[in-house]
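S.K.: Return atomic coordinates for the entry below.
(one chain, ligands or ions: 1)
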Amino acid sequence: MNDTKKVCDLCGLAIETPGFTLNTKEGDKGFCCEGCKGIYQLLNEDQILPEPEQD
Ligand SMILES: [Zn+2]
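M.R.: Predicted coordinates for the structure are as follows:
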């Protein structure tokens with residue numbers, strides 16, 4: 001684990017709150033907010049992979 005600052009894959013702002021992530025065919029994408037995540041999801045529907053089961 002390192003704590004490299006990530007930026008939102010939609011709008012490019014720094015991600016202050018982790019947790020808005022998506023698994024895509026291009027790798028993990030991170031977003032600054034639920035809104036950016038939702039928009040990315042709409043625009044890239046065919047790239048989104050199902051969430052792995054976490055428990
Ligand atoms: Zn964003």
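S.K.: Pop out the phi and psi values for Ala14.
M.R.: For Ala14, the backbone dihedrals (degrees, to the nearest 10) come out as phi -60, psi 140.
S.K.: so where's the protein shaky on pLDDT?
M.R.: Confidence mapping of the chain against pLDDT under 70 gives the ranges 1-3, 52, 54-55.
S.K.: can you give me the strands in the chain?
M.R.: 21-24, 27-30 (DSSP state E).
S.K.: helices and strands around the last one, which ones?
M.R.: Meaning strand 27-30. In terms of contacts (3 or more Cβ pairs under 8 Å, 6 or more residues apart in numbering; DSSP states H and E), strand 27-30 is packed against strand 21-24. In this view, the C-beta of every residue, glycine as well, is placed from N, C-alpha and C.
S.K.: The strand it packs on close to the ion?
M.R.: No: against the ion, strand 21-24 shows no contacts by Cβ under 5 Å from the ion, the least distance being 12.2 Å.
S.K.: so how far is that strand from its chain's centroid?
M.R.: Here strand 21-24 is found 5 Å from its chain centre; the criterion is Cα atoms, centre = their mean, to the nearest Å.
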